[in-house]
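Asker: Build me a model:
(2 chains)
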Amino acid sequence: MSMIDLQADPQVKPLQDGQPNVNDFSFMVATKNGSGSQTSNSVLVRALFRMGIPVNGKNLFPSNIKGLPTWYTIRVSKDGYTARRATTDIAVTMNEMTAAEDIANLPPGGVCILPKEWNWGRSREDIVYYEVPVRDIVKQFDIPSERREQVANMVYVGVIAKLFGISLDLIHQALVDNFNGKEKPVKMNYQVVEAAYHWTAENLTKQDRFFFQPMDRTQGKFLITGNEAAALGALFGGMTVTAWYPITPSTSLVDAIIEHMHIRKDPETGKNTVAVVQAEDEIAAIGIIVGAGWAGARAMTATSGPGISLMAEFTGLAYFAEIPIVVWDVTRMGPSTGLPTRTSQGDILFIYFLGHGDTRQVCLLPGSVEECFEFGWRAFDLADQLQTPVFVLSDLDLGMNNWMSDPFQYPEEPLKRGKVLDKQALEAFIAAKGEWYRYKDYDGDGIGYRTLPGTDHPRAAYFTRGTGHNEKATYSERSDDWTANMARLRRKFETARRMVPRPEVLDNSAAQVGLISYGSNDPAVREVRDMLAAQGIQTAYLRLRALPLTPEVETFVTYYDRVYVIENNFDGQMHQLLRMELAEKSAHLRSLALGDGLPMTAQWIYDQIMQQER
Amino acid sequence: MTLNKPAGKTNALGLTREDYKGGKSTLCPGCGHDSISNQIISVAYEVGLKQENVAKFSGIGCSSKTPAYFLGRSHAFNAIHGRMPSVVTGATLVNCNLTAIGVSGDGDSGSIGLGQFKHLIRRNVPMVYIIENNGVYGLTKGQFSATADEGQVLKYYGRNELPPIDLALEAIVTGATFVARSFSGHSEQVRSLLKAALSHRGTAVIDIISPCVTFNNAPESTKSYDYGKTHEIALHEIELIPEGFVPEREEISIEDYDAGQVISVRMHDGTFIRLKKVGPEHDPRSRAQAIDLLEKAQMEQLFITGLLYYEEPRPTLGQTLDLVDTPLVNLPESRLRPPREVLVKLMQGMM
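Answerer: As a prediction, the model looks like this:
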């Protein structure tokens, strides 16, 4: 990557002694919630993406419809890092309530773009101020009053485009994408961008050192949220029922199912093969999918922590009665209502043990949008094969923010429906074995054969219950029946251990320490490995993709004397779980847990590890 | 396949009444619920119900144990307390060919599950929803339920100071299109109502007063055998006329509906419910009359039984969601996973 020629633009007068910064910084837009800045932010992200620059945008928003402060951070990284950065270099302050703090947080050499009409003054000498007459620029156009606030946000799009280098063509293209080609809103917004761009060209002298420059690092990729990826995965995974109750940050997952379910319409009749039911609460949502799963469907729900709490009783039933369901937990901050619009990995222990009595649940831990898609369909294969609930633990950061993605891999293998006996199969089974009992472990893997209601065979029926039962599915309070059943469920869990996705291990022969993490921390962990390596600390990295733990985890923890478990919750829940399951190796494990509502940064991990390794 | 079939009368499917039984009841001897189970067995036998197409559902409580005691060749799902409706919703959504029979109780439907009860009705989930209503919690030994009479006194829990919830009334105001009340001691009426309910394409609610012989059978209790035997006011004799039968009189207006007269209600499958008036004047096709009647009954503690309300059913949930006619569980893989080109096109649209 060649440095850009500073002489090419006579307006450029770097304030700092430092080198220009090309494609390696982050900026932040501070607005009021509900002011319509989402369009502007997403247009910027799309335009940068189309320039071929690795980019990631994150919405840090309040639990509020209108008025409270909200921030959008955009990071460009020539090296492809997509984790949140702890500091932002450029602040677009459109919210007077937070401007003082936003400006104070800028590093020396940073940039502040703010409305001229505030007459804010300059509190710092070591940053660049660009004052823009937002109101006057918007005033030139005849914009309906209800749109004015939103369209005003287009001013900073034009300013950023001019100051740091995005062509107007790309902005226009991104607007067309954003409005699905609708001419009127594209025109209304674009005229403001254009005006702001030209005003900037005529009135501002570039004094900062930040530049966007085209690259070729996004070719073949696309932008998508984890929730939308999960929805597509489910639609390609044969899901026929989604029952749900709205809750942030999972709502957009079901919204995406509704948006895309036309791909599953019957071509002849135009009727649906997917049923989406908005339930009266999360108890009913999971009840509906338990009924559907029992009757043979691939059924799912999407929720977040408080919803999981309500689903606990049904989860215990589905576990014990052995009914396949898929539950997405797009995790947010708890306990209680907590920080409902902030990201977290705080439900791990709760879900792993969800249900009263002795229960352990199969969990998938997607670490990217590609994996949200993959687990979107794979979760159904696992649930059907294991005849048990499968939980997929995403989070707000992964679920609601746009991420660059490689093309999704089309699922090649046929749907794995597990041990279901239809009429003929049941007839053959009985002919071969002389019997069929629902919960008998014929294969030694802890998984019985099930029939579906409606199977036209006089011996197909069985009684599904949450009460104690023997292998014939008959009510039983006998201790030996109870313990035999629990032992079989434990065998089944061991089968799950062999079937769930293996962890991704990035080994390194020179590694001195191990890192374990999961989910949306992945970008920060990848970045910190490079930062540490630059300081001479080589690391190996194991990214968990599922629970129960697979044997690779023990091998990894055994091999490295110091294994840092990096996670986004306060108590270090995965660290606790690893210590419990790998008790003999627990001295190797060190917890690096941060639960502050924000996506993990490489800098925080770096600081923690440097403290201990130096 | 050979089945051990005792000699005896058989129905249209060649099955005996015995073939429709389930396991042995573990309820208290004399429990009203067992009598209802018996009527379900009789009706299923009489109408030649194919048990393999039936799915039985229940929540938790004495009533909810009973699906184990009838239709042994039907799949069953004993769910959790108060949540049977959601399980039926899911099961019938994915297999529209199932005949769903649910058994619940007054605790299950009137307290913990009141929300699910009402939302099931609101969605018009096709099923027969039987409430075995005894005004008391049996399995936990005698607490008042939400249907217990105001002022009633029970041994351990004293006087009930709260007004009852009438589940039939709740069903009607929520939009149920088939609502009946009966008495487990009135077997013939229970059978007739069950037959009619099985023909209904939507949620058919039958609230059956079913005495608890252990905790709530004192003669002064309105949920007791004695009270039912002496106070029941049946609205009409109910007869189900099969499809193709031409009734003596087509639907008649309420002005003509004097004592001894007959009203015929045509159901969507062509069956007629013929109601011969034996009690107070009531046209079950009038929602307002049904609500008035139940409010009066509650105020004056009248034990009114019969078909309280009927209307042509709204679309079922599956119809509302515009689902394909094939049960979703029977869709082949080619209909469950779109081809690769669809995914490629989707992603191109996002690039």
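
Asker: Do you have the helices of chain B handy? List them.
Answerer: Secondary structure of chain B (DSSP state H): helices at B:32-47, B:62-65, B:84-94, B:106-107, B:114-123, B:167-174, B:187-198, B:225-231, B:287-300, B:317-320, B:333-336, B:340-350.

Asker: Alpha carbons only: can I get the last one in CSV?
Answerer: When you say that, I think you mean helix B:340-350. Extracted as CSV, the C-alpha positions of helix B:340-350 are listed here (Å, rounded to 0.1, in the frame of the first residue of the first chain):
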residue,chain,number,x,y,z
ARG,B,340,-28.3,-23.3,-4.2
GLU,B,341,-29.2,-20.6,-6.8
VAL,B,342,-31.6,-19.0,-4.3
LEU,B,343,-28.8,-18.5,-1.8
VAL,B,344,-26.4,-17.3,-4.4
LYS,B,345,-28.9,-14.8,-5.6
LEU,B,346,-29.6,-13.6,-2.1
MET,B,347,-26.0,-12.9,-1.4
GLN,B,348,-25.5,-11.2,-4.8
GLY,B,349,-28.2,-8.8,-3.8
MET,B,350,-26.3,-7.9,-0.7
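
Asker: re earlier: tell me which of the helices of chain B sits most buried.
Answerer: For these, ranked by mean neighbour count under the definition mean count of other C-beta atoms under 10 Å in any protein chain shown, the leader is helix B:84-94 at a mean of 31. Backbone N, C-alpha and C define where each C-beta goes, glycine included.

Asker: taking the mean pLDDT, what do you get for that helix?
Answerer: Confidence over helix B:84-94 (mean pLDDT, whole number) is 98.

Asker: angle of it against helix B:114-123?
Answerer: Using axes from the mean of the first three to the mean of the last three C-alpha atoms, to 10 degrees, the interaxial angle of helix B:84-94 with respect to helix B:114-123 works out to 30 degrees.

Asker: quick one: the residue nearest the centre of chain A from residue B:80, how far?
Answerer: For chain A, the residue nearest the mean C-alpha position is residue A:398 (1.8 Å; C-alpha atoms, centre = their mean). When distances are taken as C-beta to C-beta, to the nearest Å, residue A:398 and residue B:80 turn out to be 32 Å apart.

Asker: For the residue of the stretch 101-250 of chain A found nearest chain B, which residues are in contact?
Answerer: With C-beta to the nearest C-beta, the shortest gap between the stretch 101-250 of chain A and chain B falls at residue A:238, namely 3.4 Å. With contacts defined as C-beta atoms under 8 Å, 6 or more residues apart in numbering or on different chains, the neighbours of residue A:238 are A:298, A:377, A:380, A:415, B:333, B:336, B:337.

Asker: Apart from its chain neighbours, what residue comes closest to residue B:74?
Answerer: Of all residues beyond its chain neighbours, the one nearest residue B:74 is residue B:54 (4.0 Å), with distances taken as C-beta to C-beta, 6 or more residues apart in numbering or on different chains.

Asker: Which residues are in contact with the one you found?
Answerer: Here residue B:54 is in contact with B:44, B:71, B:74, B:75, B:98, B:99, B:100, B:101 (criterion: C-beta under 8 Å, 6+ apart).

Asker: switch the cut-off to 7 Å
Answerer: Applying C-beta atoms under 7 Å, 6 or more residues apart in numbering or on different chains, one finds that residue B:54 lies in contact with B:71, B:74, B:99, B:101.

Asker: who's it bridged to?
Answerer: Note on residue B:54: beta-bridge partners by DSSP bridges are residue B:99.

Asker: low-confidence ranges in the chain?
Answerer: I'll assume chain A. For chain A, applying pLDDT under 70 flags the ranges A:1-18.

Asker: wrong one, I was asking about chain B
Answerer: Residues of chain B meeting the criterion pLDDT under 70: B:1-7, B:244-260.

Asker: Quick check: the closest residue to residue B:16 other than its chain neighbours vs chain A, distance?
Answerer: Excluding the flanking residues, the one nearest residue B:16 by C-beta to C-beta, 6+ apart is residue B:8, at 4.7 Å. Spatial separation of residue B:8 from chain A under the definition C-beta to the nearest C-beta, to the nearest Å is 18 Å.

Asker: Tell me how many other residues crowd residue B:8.
Answerer: Neighbour count for residue B:8, taken as other C-beta atoms under 10 Å in any protein chain shown: 9.

Asker: Doesn't residue A:473 belong to a helix?
Answerer: No - using DSSP: H, G, I helix; E, B strand; the rest coil, the secondary structure at residue A:473 is coil, not a helix.

Asker: neighbours around it, how many?
Answerer: Residue neighbour count, defined by other C-beta under 10 Å, stands at 21 for residue A:473.

Asker: Can you name the residues that contact whichever residue of the stretch 401-550 of chain A sits closest to chain B?
Answerer: Chain B sits closest to residue A:453 of the stretch 401-550 of chain A, with a gap of 3.6 Å, by C-beta to the nearest C-beta. Contacts of residue A:453 were listed using C-beta under 7 Å, 6+ apart, and they are A:295, B:55, B:75, B:91, B:95, B:98.

Asker: what's the closest of these to residue A:247?
Answerer: The shortest distance between residue A:247 and any of these, using C-beta to C-beta, involves residue B:91 and amounts to 24.5 Å.

Asker: Distance check, the closest one against residue A:291.
Answerer: Applying C-beta to C-beta, the value for residue B:91 to residue A:291 is 4 Å.

Asker: any residues in contact with both of the two?
Answerer: Shared contacts of residue B:91 and residue A:291 (C-beta under 7 Å, 6+ apart): none.

Asker: What is the burial count for the closest residue to residue A:216 other than its chain neighbours?
Answerer: In space, and not counting its chain neighbours, residue A:216 is closest to residue A:52: 4.7 Å by C-beta to C-beta, 6+ apart. Taking other C-beta under 10 Å as the neighbour definition, residue A:52 ends up with a count of 16.

Asker: Now do the contacts for residue A:52.
Answerer: Listed by C-beta under 7 Å, 6+ apart, the contact set of residue A:52 reads A:214, A:215, A:216, A:217, A:218, A:219.

Asker: That one: which element?
Answerer: Using DSSP states H and E, residue A:52 sits in no helix or strand.

Asker: Return the residues of the stretch 151-300 of chain A in contact with chain B.
Answerer: Taking C-beta under 7 Å from any C-beta of the partner chain, the part of the stretch 151-300 of chain A that reaches chain B is made up of A:222-224, A:232, A:236, A:238, A:240-241, A:243, A:263-264, A:266, A:269, A:271-273, A:275, A:280, A:283-284, A:287-292, A:294-297, A:299.

Asker: Mind checking which of those residues are in helices?
Answerer: For these, secondary structure assignment (DSSP H) places A:232, A:283, A:284, A:287, A:288, A:289, A:290, A:291, A:292, A:294 in helices.

Asker: hang on, the earlier thing: run a quick check on the residue nearest to residue B:16 versus residue B:14, I expect a contact.
Answerer: No - using C-beta atoms under 7 Å, residue B:8 is not in contact with residue B:14; the gap is 11.5 Å.

Asker: buried residues in stretch A:462-480?
Answerer: When neighbours are counted by 16 or more other C-beta atoms under 10 Å in any protein chain shown, the buried residues of stretch A:462-480 are found to be A:462-466, A:469-476.

Asker: mind checking which helix or strand the residue nearest to the centre of chain A is in?
Answerer: helix A:396-400.

Asker: so what strands line up beside the next helix or strand after that helix?
Answerer: Remark: after helix A:396-400, the chain's next helix or strand is strand A:402-405, criterion DSSP H and E. According to DSSP bridges, the neighbouring strands of strand A:402-405, each with its direction, are strand A:222-225 (antiparallel).

Asker: mind listing what's buried in the partner strand?
Answerer: Under the neighbour-count rule (16+ other C-beta under 10 Å), strand A:222-225 has A:222, A:223, A:224, A:225 buried.

Asker: likewise stretch A:244-264?
Answerer: For stretch A:244-264, burial by neighbour count (16+ other C-beta under 10 Å) applies to A:244-245, A:247-257, A:260-261, A:263-264.

Asker: Same check on stretch A:133-145?
Answerer: So for stretch A:133-145, counting by 16+ other C-beta under 10 Å, buried means A:134, A:137, A:138, A:143.

Asker: what's the answer for stretch A:189-208, then?
Answerer: A:189-197, A:199-200, A:204, A:206-208.

Asker: Perfect, I'm done here.
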